[in-house]
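# Quick one: sequence plus predicted model below, questions after.
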Amino acid sequence: MRFHLRSFSTLLLASSVLTSPSLLAQEALLTEGDRQALLEKLKEVKEGAGGRAVQRSGNAITAFRSAASNDDRAHEFYLSCVEKVRFLDEKRSAQEFREWKRRHKERGDSPGFRRVLRHQLNWLRLTVEANAMSEEDQGELSSRAISALDAILGDQELEPRQFRTLEQDVTETVFALAYGVGAEEKWPVSPVKLEDVYTNHILPPLEKKKDIAAYRAAWGKWIIQEARLQEAKSENPERGERSAAFERFLVERRPQMLWDLEKAIYEIGDQKGAALAMLKHLETFAGHQNEVKWTEDFLEFLNPQPETAG
């Protein structure tokens with residue numbers, strides 16, 4: 001028995017020595033010919049992967065556009081994506097899917113839910129298109145994004161809780177999972193996180209072009225949509241009465257957004273127009289909780305501190 005154990009230990013030691021990275025290092029070195037052959041093969045693989053990615057994006061755009069055309073198609077598409085992602089891909093039975101579909105029909109399906117699906121599909125389509133574009137070309141999507149937001153915020157079928165659903169990342173929906181759509185920083189992943197949509201995607205191209213009129217118009221649209229969103233996310237107030245969230249937006253946040261707009265316009269280049277608007281703003285919203293901070297901002301613009309050397 002001792003001899004057997006000793007022999008087994010010797011074999012293990014020999015095996016570990018033979019597979020030691022330090023001993024294999026010389027044998028594992030690539031020759032220049034090996035390197036060139038691998039680079040050629042990698043180039044083929046990369047080109048194939050790129051072609052498949054383009055085809056996958058095209059298929060996704062076509063499928064999302066078709067499914068978003070009406071409520072019933074969106075719901076049918078949702079069911080097929082759920083079946084693929086949560087049942088077929090996970091090797092779950094057809095019976096389990098039928099049971100899930102029955103529960104969904106009883107508890108989850110509704111006109112508002114189907115409308116949410118359409119809005120998610122439309123935004124996901126914009127996301128796929130933005131991912132395929134260069135940053136310089138993405139400004140073309142701004143008007144379509146604003147239209148998509150108007151459609152969401154004007155949708156009478158949506159309930160407050162469904163706006164919270166729309167705050168979720170569209171690249172984590174079953175639609176995105178079924179078609180391999182991933183998250184990138186090129187486009188906002190939620191349509192109703194308006195600050196992200198405007199400050200990071202819609203406004204920067206206009207600022208870069210110094211298109212002050214278009215910049216003002218887009219910022220004004222943002223304010224209107226924020227007001228609609230606050231109202232839509234609130235429980236329905238009594239007819240003729242505004243919700244507390246909407247009132248708070250009008251009194252607190254809207255004036256601050258208007259002030260931030262003028263600061264941005266000043267920095268873009270229209271100093272005179274922005275300065276006159278700031279002065280008017282201070283008069284209009286005298287007594288606002290941010291009044292002192294606004295005057296400090298204004299003084300910094302009018303009396304800029306000299307830059308210190310070094």
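Sure, I can see it. Numbers count the residues shown, from 1 in each chain.
# Checking the closest residue to residue 30 other than its chain neighbours next. Helix, strand or coil?
Nearest non-adjacent residue to residue 30, counting by Cβ to Cβ, 6 or more residues apart in numbering: residue 38, 7.4 Å away. In this view, the C-beta of every residue, glycine as well, is placed from N, C-alpha and C. Following DSSP: H, G, I helix; E, B strand; the rest coil, the label given to residue 38 is helix.
# looking at it, residue 38 is touching residue 31, isn't it?
No: between residue 38 and residue 31 there is no contact under Cβ atoms under 8 Å: 10.5 Å.
# Of the two, give the one with the bigger neighbour count.
residue 38 (11 against 8; other Cβ atoms under 10 Å).
# Please tell me how far residue 37 sits from residue 139.
43 Å (Cβ to Cβ, to the nearest Å).
# Next: residue 95.
50 Å.
# Which of those two has more residues huddled nearby?
Legend: neighbour count by other Cβ under 10 Å for residue 95 and residue 139, higher for residue 139 (17 against 9).
# host element of the residue lying closest to that one once chain neighbours are set aside?
Nearest-residue entry for residue 139: residue 205, 3.6 Å, with adjacent residues in sequence omitted and distances by Cβ to Cβ, 6+ apart. Assigned by DSSP states H and E, residue 205 belongs to helix 203-209.
# in that helix, what's buried?
Using 16 or more other Cβ atoms under 10 Å as the test for burial, helix 203-209 gives 203-207.
# Likewise for stretch 150-162?
152-153, 155, 158-159, 162.
# same question, stretch 175-194
Of the residues in stretch 175-194, those with enough neighbours to count as buried (16+ other Cβ under 10 Å) are 175-179, 181, 186-194.
# Can you give the distance of that stretch from its chain's centre?
Distance of stretch 175-194 from its chain centroid, counting by Cα atoms, centre = their mean, to the nearest Å, is 5 Å.
# do stretch 109-116 as well
For stretch 109-116, the distance to the chain centre is 21 Å (Cα atoms, centre = their mean).
# Quick check: which ranges of the chain have low pLDDT?
1-27, 44-57, 135-138, 235-242, 306-310 (pLDDT under 70).
# Grab the nearest non-local neighbour of the residue positioned nearest the centre of it.
Nearest residue to the geometric centre of the chain (Cα atoms, centre = their mean): residue 189, 1.5 Å. Excluding its sequence neighbours, the residue lying closest to residue 189 (Cβ to Cβ, 6+ apart) is residue 169, at 4.3 Å.
# Neighbours of that neighbour, how many?
13.
# Quick check, it in contact with residue 183.
Yes: with contacts defined as Cβ under 8 Å, residue 169 counts as touching residue 183 at a distance of 6.7 Å.
# shared neighbours of those two, anything?
Here residue 169 and residue 183 have residue 189 as joint contacts, going by Cβ atoms under 8 Å, 6 or more residues apart in numbering.
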